[in-house]
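>>> Generate coordinates for the sequence data below:
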Amino acid sequence: MHRCAKRLIAVAVVVCLPVAAVAQIPADGSDTRQISVQLAQIQRALERIADSLEGQLDGQRLDLMLKRLEVSERRVAPLEEQVRKAQAERSLLRDREERARLQLSEMADRIAAGELELTDSEAEAAVAQMELDLDQLRARISELDGQLVGLENELTRVREEIRDWQDYVDRELAGR
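Residues are numbered from 1 along each chain as shown. Predicted structure coming up:
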C-alpha cells in the first residue's frame, strides 16, 4: 500500500478513537476520570502523529529542494563546456584573422612594389577575395562574441540560482 494511504488510514483510526471513547461513556457519568485520562492519551498520540507528519513533510520539502539544486548544478558543466569551446574557436579565428590581415597587407605591398606578375584585374581579384575572407572571419568572430555573451549570462544566472537554492536550503536546515 502506498505510504500516503497508510498514513491516512492511521490518521482516520486515531481520529475515530475519540468518537469510540465518547460512545463508551456511561450514562450515569461514572468513570469520568478514566475517560479524561484516555482523552489526554489520545490527544498526546494525535500531537505525536501531527509532529511526525510535519517532520515527514519537512523532509520531503528538503528532498525536493535538494533535487532542484542538483538539477541546477547539472546545468553548469555543459554551459561551461560550451563557453570553453566558443572561446577556443574564437581564439583560433582571431589567429586566422591576424594571419589573413598580415597576408593581405603583404600582398598589397608586393602588388604596389610590382613584385608579383599579376595583371591589374588579377591583383584586384586576389585582394578582393582576401578581403572577403577576412570579412567572413570577422563576422564569425562577432557571432561568437554574441554567443559567448549569451552563454556567460546564462552561466551566471544558473550559478546565482544555485547560490539562491543553497542559501534557501541552509536557512531551512538552520530553522530545524
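
>>> How about L151, nearest residue that isn't a chain neighbour?
Excluding the flanking residues, the one nearest L151 by Cβ to Cβ, 6 or more residues apart in numbering is V83, at 4.9 Å. Every residue, glycine included, has its C-beta placed from N, CA and C.

>>> give the contact list for that neighbour.
V83 makes contact with L148, L151, E152, L155, according to Cβ atoms under 8 Å, 6 or more residues apart in numbering.

>>> Please identify the helix or strand for it.
Assessed by DSSP states H and E, V83 sits inside helix 32-113.

>>> distance between that helix and the chain's centre?
How far helix 32-113 lies from its chain's middle: 3 Å, per Cα atoms, centre = their mean, to the nearest Å.

>>> immediately after it, which helix or strand?
Downstream of helix 32-113, the first helix or strand assigned by DSSP H and E is helix 120-174.

>>> Poorly predicted segments of the chain, please.
Applying pLDDT under 70 to the chain flags residues 1-30, 176.

>>> Pick out the residue nearest the middle of the protein.
For the chain, the residue sitting closest to the mean C-alpha position, by Cα atoms, centre = their mean, is S72 at 2.2 Å.

>>> Surely that one and R163 touch.
No. With contact defined as Cβ atoms under 8 Å, S72 does not reach R163; the gap is 9.7 Å.

>>> Return every residue with contacts to both of those two.
By Cβ under 8 Å, 6+ apart, S72 and R163 have no common neighbours.

>>> ok, back up a step: now the residue nearest to L151: how far from R61?
33 Å (Cβ to Cβ, to the nearest Å).

>>> And for E160?
Noted for E160: a distance of 22 Å to R61, by Cβ to Cβ.

>>> same deal with P78?
28 Å.

>>> next one: Y168
10 Å.

>>> what do you get for E117?
To R61, E117 is 81 Å away according to Cβ to Cβ.

>>> more neighbours, these two?
R61 (12 against 7; other Cβ atoms under 10 Å).

>>> you'd agree that one is up against G175?
No. Judged on Cβ under 8 Å, R61 makes no contact with G175 at a distance of 11.3 Å.

>>> Number of residues surrounding I111?
17.

>>> whoops, I mixed them up, G175
Neighbour tally, G175, other Cβ under 10 Å: 7.

>>> residues touching it, list them.
So G175 contacts nothing (Cβ under 8 Å, 6+ apart).

>>> any idea how far the nearest residue in space to L144 that is not next to it in sequence is from R33?
Take L144 and drop its neighbours on the chain: the residue closest to it by Cβ to Cβ, 6+ apart is R90, 4.4 Å away. As judged by Cβ to Cβ, R90 and R33 stand 85 Å apart.

>>> Likewise for E143?
86 Å.

>>> more crowded one of those two?
Neighbour count, other Cβ under 10 Å: between E143 and R33, E143 has more, with 13 against 8.

>>> Cool, thanks, signing off.
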